[in-house]
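> Show me the folded form of this:
(one chain, ligands or ions: 2)
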Amino acid sequence: MKVTVVGAGNVGATCADVLAYREIANEVVLVDIKEGFAEGKALDIWQKSPINLYDTRTVGVTNDYTRTANSDVVVITSGLPRKPGMTRDDLISTNAGIVRSVTENIIKHSPEAIIIVVSNPLDVMTYAAHLTSKLPRTKVMGMAGILDTARYRAFLAEELNVSPKDIQAVLMGGHGDTMVPLPRYTTVGGIPVTELIDPTKLDAIVDRTKNGGGELVKLMGTSAWYAPGSAAAQMVEAIVRDQKRVFPVCIKLEGEYGITGTYLGVPVILGKNGVEKVIELQLNEEEMALLKASEKAVREVMDVLDNMPATA
Ligand SMILES: NC(=O)C1=CN([C@@H]2O[C@H](COP(=O)(O)OP(=O)(O)OC[C@H]3O[C@@H](n4cnc5c(N)ncnc54)[C@H](O)[C@@H]3O)[C@@H](O)[C@H]2O)C=CC1
Ligand SMILES: O=C([O-])CC(=O)C(=O)O
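Residues are numbered from 1 along each chain as shown. Ligands and ions are numbered 1, 2, ... in the order given. Presented below is the predicted three-dimensional model:
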């Protein structure tokens, strides 16, 4: 299996590293626009192989898409990360142009690839990549839900003093402050979380999850990469190993949850064909209202993209 990761920065290089040391792909091609940057990162990862014992070949290129030809999966991480004081939506004008041009190049050389978008604003960049690629919706998806759910699970594990492995959760909606964690669908070793934690503490954890990206931007001056890069690699693994994993993934909705045409995080089954099924939960009135509010927020940013010049 061949996987290309576009953007050899913090998230892209982390993702490539996880793909390599976990031998998720035989070959990982890293692409960046900065001369020599991807070559250096790929060489560094390859030089780690005798230490961490893996065979995955890592190759870096500067903007040379011929080297990405016939990739099975492509992860797009190219674009600006936000700085303190910015929202993810503030990145749209720069990142839309980057995601569009990268997608064009990818499709030219790997017309059958499955695309995983990571660049922000996530839901709308998934929309941009989908429009440009003209692939079926099942093959163009965004990574955010695994990350947001992981943050939620990590905070709960800390609060309850239990293993994060035993916390199962699902989270829906856009990758922003309107994301919708679902405590009703959160369990700890099979026990509903609501039986183990008082409601005020749970509310505080939900709030911290919603602002999880911003918390890290404030601490580091740029956004996170270890968890995001690993989350994208986990999606690649589900696809290349045809694992049929159930993950929250951003995809264009076509009637599910009564929503059509908006790109939102929903639980799906992920396997060799990409998104193999969108799972429709029986949301209650309150949960559905939160999902609709999240849809509205994503729609507004999709409208901004629709009104941007094609060259932007
Ligand atoms: N979906 C999610 O949950 C998350 C999304 N992100 C987003 O991922 C993106 C990348 O973040 P970082 O890796 O931290 O940024 P970074 O600045 O470390 O890396 C971005 C890389 O993209 C490269 N690049 C820019 N234009 C390019 C082009 N046309 N072709 C190829 N490479 C190009 C840059 O040279 C740079 O090396 C940001 O937009 C960030 O907001 C970050 C974390 C989580
Ligand atoms: O916060 C950001 O800008 C990056 C991101 O999407 C996240 O870490 O959730």
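> Confirm for me that G221 is in contact with G85.
No. Using C-beta atoms under 8 Å, G221 makes no contact with G85, being 10.5 Å away. In short, each C-beta sits where N, CA and C put it, glycine included.
> Which pLDDT value does the model give A310?
With respect to pLDDT, A310 has a value of 73.
> so who does C15 touch?
By C-beta atoms under 8 Å, 6 or more residues apart in numbering, C15 lies in contact with V5, V75, T77, V118, P228, G229, S230, A232, A233, V236.
> and the stretch 101-250 of the chain, which of its residues are near ligand 2?
Contact residues (C-beta under 6 Å from any ligand atom) of the stretch 101-250 of the chain with ligand 2: N120, L147, H175, G213, G214, L216, V217, S223, A224, P228.
> Quick one: low-confidence residue ranges for the stretch 201-312 of the chain.
Within the stretch 201-312 of the chain, the set of residues satisfying pLDDT under 70 comprises 311-312.
> Might you report the residue contacts of the residue in it positioned nearest to ligand 2?
The nearest approach of the stretch 201-312 of the chain to ligand 2 comes at G213, 2.4 Å away (C-beta to the nearest ligand atom). Counting by C-beta under 8 Å, 6+ apart, G213 touches R88, H175, S223, A224.
> Surely it forms part of a helix?
Yes. G213: assigned to a helix according to DSSP: H, G, I helix; E, B strand; the rest coil.
> Where do the strands of the protein begin and end?
2-6, 27-32, 57-62, 73-76, 114-117, 140-142, 167-168, 171-172, 180-181, 187-188, 191-192, 245-254, 260-271, 274-278 (DSSP state E).
> With mean neighbour count added, can I get those in a markdown table?
As requested, the strands of the chain are exported to a markdown table (neighbours: other C-beta atoms under 10 Å):
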| stretch | mean neighbour count |
| --- | --- |
| strand 2-6 | 30 |
| strand 27-32 | 26 |
| strand 57-62 | 20 |
| strand 73-76 | 28 |
| strand 114-117 | 28 |
| strand 140-142 | 30 |
| strand 167-168 | 18 |
| strand 171-172 | 26 |
| strand 180-181 | 25 |
| strand 187-188 | 18 |
| strand 191-192 | 12 |
| strand 245-254 | 21 |
| strand 260-271 | 22 |
| strand 274-278 | 19 |
